[in-house]
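>>> Provided below for reference: sequence and predicted model.
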Amino acid sequence: MRSHPFVPLGTRSSTRPPARLRWAGILGAVAFLLSGCTAVPAPAMSALPPLSATVAPPAGAGPVSPSPSAAPLACEDGLLTLLGTDDEFIVTGSCRRVDVAGTGLDVDLTGVDVSVVAVRGDGNEVEALALEELVVEGQSNEIDLASAGTVRLRGDRNSVDVERAIDALAMNGNDNEVEAARIASRDVSGDRNEIVPD
């Protein structure tokens, strides 16, 4: 029988590392395993401009009106362009032409002497007195006038209500409504348009 040398208990060498080294090794292994996992980045969000942002006027369109306020806007013998979304404008004075180019604008021109009104956009409401010419290009606009020399309408679901007469009506679109006491001449194309008197 082979004998083993006796080593006192206090002088025995241990193959196990101290506890703090064991914990450091475990934590290192966990960190290594987790380093292969990457978090999925959140989708990038970009801020959109507010709906009421004013769009730039077309080149050569003339001066642009300031933001609407409680005080009426004065127009004197020139071109006034009204832009925006869901705003209200009251115009006074004398103006050769007023361009309404926006969405959901409420424009009162009954206090201004104006010859030509052009409405381009969707969902605008315009009131005016006697005009030489009305041009409407867009959808779902509502125009109320006292009288008009020429009405040119292109688009769908527009409504033009003239208290007295229209000398000449030219319309191209669908589901439009034009009503006047008298319409001297007309050139109409499209479907489901309602014209009074017919």
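All right, it came through fine. Quick caveat, the model's predicted, so the values are computed rather than measured.
>>> can we go C-alpha only for contacts and neighbour counts from here?
OK.
>>> tell me how many other residues surround Gly155.
Counted with other C-alpha atoms under 10 Å, the neighbours of Gly155 add up to 21.
>>> I'd like the average pLDDT over the helix or strand hosting it.
Using DSSP states H and E, Gly155 sits within strand 147-156. The average pLDDT for strand 147-156 rounds to 97.
>>> next: stretch 162-176.
Mean pLDDT, stretch 162-176: 97.
>>> again, but for stretch 72-84
Across stretch 72-84, pLDDT averages out at 88.
>>> go through that stretch and flag the buried ones.
By 16 or more other C-alpha atoms under 10 Å, the buried positions in stretch 72-84 come out as Leu73, Cys75, Leu79, Leu80, Thr81, Leu82, Leu83, Gly84.
>>> let me know the closest of those residues to Asp99.
Using C-alpha to C-alpha, Thr81 comes nearest to Asp99 of the buried residues of stretch 72-84, at 4.6 Å.
>>> wait, the closest one sits on Arg96?
No. Thr81 is beyond contact range of Arg96, at 11.5 Å (criterion: C-alpha atoms under 8 Å).
>>> tell me where the chain has strands.
73-76, 79-85, 88-103, 106-122, 125-127, 130-139, 142-145, 147-156, 159-162, 165-174, 177-179, 182-189, 194-196 (DSSP state E).
>>> just to revisit the earlier point, ok, which pair from the buried residues of stretch 72-84 is furthest apart?
Farthest-apart pair in the buried residues of stretch 72-84 is Cys75 and Gly84; separation 17.9 Å (C-alpha to C-alpha).
>>> select the helix or strand of this protein having the lowest average pLDDT value.
Within the chain, no helix or strand scores below helix 19-34, which has a mean of 56 by mean pLDDT, DSSP states H and E.
>>> Glu133 - how many residues pack around it?
Glu133: 20 neighbours (other C-alpha under 10 Å).
>>> ok, what's across the strand from it?
When bridges are called by DSSP bridges, Glu133 pairs up with Val116, Thr150.
>>> now do it, the pLDDT please.
pLDDT recorded at Glu133 is 98.
>>> pretty sure it contacts Leu153?
No. In this structure, Glu133 is not within contact of Leu153 by C-alpha under 8 Å, at 10.8 Å.
>>> any idea how far Asp106 is from Val136?
Counting by C-alpha to C-alpha, to the nearest Å, the gap from Asp106 to Val136 is 15 Å.
>>> more neighbours: those two, which one.
Ranked by neighbour count (other C-alpha under 10 Å), Asp106 and Val136 place Val136 first, with 24 against 20.
>>> for that one, which residues are in contact?
By C-alpha atoms under 8 Å, 6 or more residues apart in numbering, Val136 lies in contact with Ala118, Val119, Arg120, Val151, Arg152, Leu153, Arg154, Gly155.
>>> mind running it again at 10 Å?
100, 117-122, 142-143, 151-155, 158-160, 171 (C-alpha atoms under 10 Å, 6 or more residues apart in numbering).
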